[in-house]
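Visitor: from the sequence below, what's the structure:
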Amino acid sequence: MIYSSGYLAEEAGKEVTLTEGRNYVVKPYRLAELRRAVRTMLDEG
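Guide: Presented below is the predicted three-dimensional model:
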């Protein structure tokens, strides 16, 4: 799952670590940034 800024970290759960560029993107983000985060998550399986 990829989170975006504006999403409360508490709602993600304490077991989730938000890492910018991996599973977290900061608004306003460019399509390339979102694409990179999606690719990272897909590659990690």
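Visitor: pull out the buried positions in the host helix or strand of residue 43.
Guide: Secondary structure from DSSP states H and E places residue 43 in helix 31-44. Neighbour-count burial for helix 31-44, counted by 16 or more other C-beta atoms under 10 Å, picks out residue 37. Quick note: C-beta positions are derived from backbone N, CA and C, even for glycine.
Visitor: contact partners of it?
Guide: Under the contact criterion C-beta atoms under 8 Å, 6 or more residues apart in numbering, helix 31-44 has outside partners 1, 2, 21, 22, 23, 24, 25.
Visitor: and with 6 Å instead?
Guide: 2, 22, 25 (C-beta atoms under 6 Å, 6 or more residues apart in numbering).
Visitor: pLDDT value on the first one, please?
Guide: Reading off the confidence values, residue 2 has pLDDT 88.
Visitor: what's the local residue count around it?
Guide: Using other C-beta atoms under 10 Å, residue 2 has 14 other residues around it.
Visitor: now do the contacts for it.
Guide: Per C-beta under 6 Å, 6+ apart, neighbours of residue 2: 23, 37.
Visitor: quick revisit: redo the contacts of helix 31-44 as JSON lines? Include secondary structure and distance to residue 42.
Guide: Putting the contacts of helix 31-44 into JSON lines (DSSP: H, G, I helix; E, B strand; the rest coil; distance: C-beta to C-beta, whole Å) gives the following:
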{"residue": "2", "secondary structure": "coil", "distance to residue 42": "10"}
{"residue": "22", "secondary structure": "coil", "distance to residue 42": "12"}
{"residue": "25", "secondary structure": "strand", "distance to residue 42": "15"}
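Visitor: can you redo those as JSON lines with distance to residue 15?
Guide: Below are the contacts of helix 31-44 laid out as JSON lines (distance: C-beta to C-beta, whole Å):
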{"residue": "2", "distance to residue 15": "16"}
{"residue": "22", "distance to residue 15": "15"}
{"residue": "25", "distance to residue 15": "20"}
